[in-house]
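**Student:** my questions are about this predicted structure, shown below with the sequence.
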Amino acid sequence: MNMPLLLFVALVGAAVGGLVARQRKAELLRLNEQLRQINTALRRQAKMESYAPCLSFAPNLKDPVEEKKGCKGHRSFTTKTGEIS
């Protein structure tokens, strides 16, 4: 008499476990897609910043000549009259 009850409990447990696993899978797929979008946006932002690393929208209180000398990717052009940056 205990065996059919045990089988019934096992069957219910397996069904509930399967449903929970399916819900978790759907949630993981949704989160993975969100993370991919965030990662793509961050890569795009980093790529844009690498093109203009000296570009800043904040007020600069430092010496602009010294600032540009230390800036990565900064190119300066020389002419007959002097340096143009």
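**Tutor:** Nice, thanks for sending it over.
**Student:** for the longest helix seen in the chain, packing partners?
**Tutor:** Taking DSSP state H as the criterion, the chain has its longest helix at helix 2-51. Contact here means 3 or more Cβ pairs under 8 Å, 6 or more residues apart in numbering; DSSP states H and E; on that basis helix 2-51 packs against no helix or strand. The way it works is simple: take the backbone N, C-alpha and C, and place the C-beta from them, glycine included.
**Student:** tell me the mean pLDDT over it?
**Tutor:** Per-residue confidence for helix 2-51 averages out to 92 on the pLDDT scale.
**Student:** could you number the chain from 16 rather than 1 from now on?
**Tutor:** Taking 16 as the first residue, the last one we looked at is helix 17-66.
**Student:** tally of neighbours for R58?
**Tutor:** Residue crowding around R58 was assessed by other Cβ atoms under 10 Å; the count is 10.
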